[in-house]
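Student: after the sequence you'll find the predicted model.
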Amino acid sequence: MTLQLEPDVAFGMHPAFGVAAAVADDRPYLDEVLRKHRFRYSEYLDVYLLADDTPHNTAVRTVASATREFQEAGLAVAADPRIMIPPPVPTPDGARVRAAQPGQSLTALTGQLHELRRAADVSEVLGEILHEHHGVVPDLEEFIDTAAAWCERLGTSSGHELSLHLRSIAHHVAFLGDQLVGAQLELAVMPDATPENAPPLAEVPSPDRQEWLRVTHTARARAAVASSPNRPASTPMPQGEAVPRPQAAPTDPSRTR
């Protein structure tokens with residue numbers, strides 16, 4: 001038997017006006033809470049709407065805050081999951097539009113790690129973070145670059161200075177991505193798996209961030225010869241062909257001991 005329960009408030013996406021809220025009946029408290037969270041009533045549509053220029057993340061937080069306040073008052077609230085889907089990223093004319101990937105959030109990927117046992121499976125999840133089109137690391141680098149371009153548009157000395165600072169941060173993010181690729185390769189070639197009696201991941205204490213774990217030469221060697229999931233394998237050298245040795249740099253005759 002299916003029970004039909006009409007919510008007191010329902011949040012959804014209007015195709016032309018964005019996030020909307022509808023109420024089951026005309027109660028002053030519902031109107032008060034929605035207006036408190038910057039919803040405005042539209043007599044034409046008979047729903048509450050946020051302003052057209054409300055950023056996506058702000059709209060999501062607004063719905064969450066209003067929902068929490070309604071639920072704390074004992075009211076039933078329904079929300080369309082499509083509210084969480086971000087709008088497409090603007091692209092130049094002729095460029096491929098990147099589709100939103102709400103299921104690839106960092107929170108969702110972190111949750112997957114609690115269910116995995118093989119190192120190779122963890123490597124695949126890490127590959128999602130590094131994915132060229134919808135990975136968290138490339139997205140963060142693109143966001144910082146876009147923020148830097150925005151600062152440059154100010155046309156001021158302080159804007160130009162901040163733009164350079166942000167581009168430097170983007171460079172560090174790119175470097176972080178390269179380091180994570182190395183970790184992904186090491187996981188991909190590790191045959192290890194957690195034993196059945198291993199403690200839950202949530203119960204494993206995190207080490208001090210100043211405690212640097214030594215990486216063995218064996219792990220580095222295995223990662224060096226392994227083919228990258230994102231790059232084709234190296235072409236094998238014909239058997240019997242000598243590997244050319246790098247020539248030593250010429251000694252500067254002007255230097256003395």
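Tutor: Great, that's in hand.

Student: CA only for contacts and neighbour counts going forward, please
Tutor: Will do.

Student: show me the shaky parts of the stretch 151-257 of the chain.
Tutor: 207-257 (pLDDT under 70).

Student: would you list every one of the helices in it?
Tutor: 157-189, 217-225 (DSSP state H, counting those that start in this stretch).

Student: now do the SS call for residue 139.
Tutor: Put simply, residue 139 is helix when judged by DSSP: H, G, I helix; E, B strand; the rest coil.

Student: in TSV, list the helices of the stretch 151-257 of the chain along with mean neighbour count.
Tutor: As requested, those are exported to TSV (neighbours: other Cα atoms under 10 Å):
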stretch	mean neighbour count
helix 157-189	17
helix 217-225	13
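
Student: can you redo these as a markdown table with distance to residue 122?
Tutor: Output for the helices of the stretch 151-257 of the chain, formatted as a markdown table (distance: least, Cα to Cα, whole Å):
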| stretch | distance to residue 122 |
| --- | --- |
| helix 157-189 | 7 |
| helix 217-225 | 15 |
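
Student: the nearest residue to residue 52 once chain neighbours are set aside - how many residues pack around it?
Tutor: Distances taken as Cα to Cα, 6 or more residues apart in numbering place residue 17 nearest to residue 52, at 6.8 Å, with adjacent residues excluded. The number of residues packed near residue 17 is 11, by other Cα atoms under 10 Å.

Student: residue 17 and residue 49 touch, don't they?
Tutor: Yes. Counting by Cα atoms under 8 Å, residue 17 touches residue 49, with 7.3 Å between them.

Student: how far away is the nearest residue to residue 152 once chain neighbours are set aside from residue 51?
Tutor: Among residues not flanking residue 152 along the chain, residue 160 sits closest, at 5.1 Å (Cα to Cα, 6+ apart). Using Cα to Cα, to the nearest Å, we find residue 160 at a distance of 31 Å from residue 51.

Student: and what of residue 41?
Tutor: 11 Å.

Student: got it, and residue 14?
Tutor: With Cα to Cα as the criterion, residue 14 and residue 51 are 13 Å apart.

Student: tell me the contacts of the residue nearest to residue 7 when sequence neighbours are not counted?
Tutor: Spatial nearest neighbour of residue 7, excluding adjacent residues (Cα to Cα, 6+ apart): residue 76 at 4.8 Å. Counting by Cα atoms under 8 Å, 6 or more residues apart in numbering, residue 76 makes contact with 6-9, 70.
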